[in-house]
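In: test case, fold it:
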Amino acid sequence: MDRHFETPLTKDKLSSLHAGDMIYLTGTIYTARDAAHKRMDDALNRGEALPFDIKDQTIYYMGPSPASGGRPIGAAGPTTAGRMDKYTPRLLDLGLKGMIGKGRRSSEVKEAVVRNGAVYFAAIGGAGALLSKTIKAAEVIAYEDLGTEAIRKLTVEDFPCIVVLDAYGNDLYQQVENRTTSCD
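Out: Just a heads-up that it's a prediction; the model follows:
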């Protein structure tokens with residue numbers, strides 16, 4: 001079922017989603033990859049605040065290519081989410097509600113998703129140019145020295161993604177794998 005959601009995401013909003021739902025996000029999301037996650041974790045370890053209020057926010061695991069053709073951002077495809085798994089449970093416990101990436105997540109992330117009523121979405125890998133068309137504005141807000149891995153605040157309109165892990169622990173990848181195995 002196709003669903004349209006505005007950010008920020010809340011536990012109540014996310015409780016209606018199920019693994020396999022197609023979602024279109026509109027509003028503000030943030031980008032952060034490996035190096036930015038490490039810096040955020042280091043900041044938290046020092047007792048410092050994160051560069052944005054993470055409560056009810058969505059992080060897109062993406063490093064864009066340079067903007068061109070009057071667009072605010074270049075190709076904006078997802079990166080492998082598993083590389084952020086060692087940092088993710090802590091961020092979820094601090095209020096993060098959505099993550100967008102590609103690939104499977106660890107059991108620790110799955111447990112934190114359920115514990116916090118959050119959701120992990122997948123964006124279509126290899127479709128970065130198409131996904132960039134849903135990004136209406138992009139602004140570096142932290143760690144500019146990291147280049148493409150800097151944290152960006154994006155304004156998106158009808159950004160397409162699929163619920164992979166829902167707030168109840170359902171995992172789309174596992175469901176598909178189970179169906180495939182049962183057909184053998």
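In: okay, and the helix or strand of the protein with the least pLDDT?
Out: Within the chain, no helix or strand scores below helix 172-183, which has a mean of 73 by mean pLDDT, DSSP states H and E.
In: so what pLDDT did the closest residue to Ala137 other than its chain neighbours get?
Out: With Cβ to Cβ, 6 or more residues apart in numbering as the criterion, Ala137 has its nearest non-adjacent residue at 4.0 Å, and that residue is Thr155. (Glycine included, C-beta is placed from N, CA and C.) Note for Thr155: predicted pLDDT of 95.
In: residue contacts, Thr155?
Out: By Cβ atoms under 8 Å, 6 or more residues apart in numbering, the contact set of Thr155 is 27-28, 135-138.
In: give the buried subset of the residues you listed as a ChimeraX selection command.
Out: To isolate the buried ones among the contacts of Thr155 in ChimeraX, judged by 16 or more other Cβ atoms under 10 Å, type:
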select :27,28,135,138
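In: which of the contacts of Thr155 fall in helices?
Out: Using DSSP state H, the subset of the contacts of Thr155 located in helices is empty.
In: and the contacts of Thr155, which is closest to Ala67?
Out: Ala67 lies nearest to Ala138 out of the contacts of Thr155, by Cβ to Cβ, at 7.5 Å.
In: check what pLDDT the closest one gets.
Out: So Ala138 comes in at 92 (pLDDT).
In: I figured Lys110 was touching Leu172, is that so?
Out: No. The criterion here is Cβ atoms under 8 Å, and Lys110 misses it with Leu172 at 11.9 Å.
In: shared neighbours of the two, which are they?
Out: Common neighbours of Lys110 and Leu172 (Cβ under 8 Å, 6+ apart) are Leu165.
In: buried set for the longest strand seen in the chain?
Out: Counting residues, the longest strand in the chain under DSSP state E turns out to be strand 151-165. For strand 151-165, the neighbour count (16+ other Cβ under 10 Å) marks 151-156, 159-165 as buried.
In: next one: stretch 110-129
Out: Residues of stretch 110-129 classed as buried by neighbour count (16+ other Cβ under 10 Å): 110, 112-114, 116-123, 128.
In: okay, that stretch in CSV with CA atoms only?
Out: C-alpha atoms of stretch 110-129 as CSV (Å, rounded to 0.1, in the frame of the first residue of the first chain):
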residue,chain,number,x,y,z
LYS,A,110,16.3,-4.6,14.9
GLU,A,111,15.8,-4.8,18.7
ALA,A,112,16.3,-1.0,19.1
VAL,A,113,13.8,-0.3,16.2
VAL,A,114,11.2,-2.3,18.1
ARG,A,115,12.1,-0.9,21.5
ASN,A,116,11.8,2.7,20.2
GLY,A,117,8.8,2.3,17.8
ALA,A,118,11.0,3.3,14.9
VAL,A,119,11.3,2.2,11.2
TYR,A,120,14.0,1.4,8.8
PHE,A,121,13.3,2.3,5.2
ALA,A,122,15.1,1.2,2.0
ALA,A,123,15.6,3.5,-0.9
ILE,A,124,16.3,2.1,-4.3
GLY,A,125,20.0,1.6,-4.9
GLY,A,126,21.2,2.6,-8.4
ALA,A,127,18.5,5.3,-8.6
GLY,A,128,20.4,8.2,-7.1
ALA,A,129,19.7,10.5,-10.1
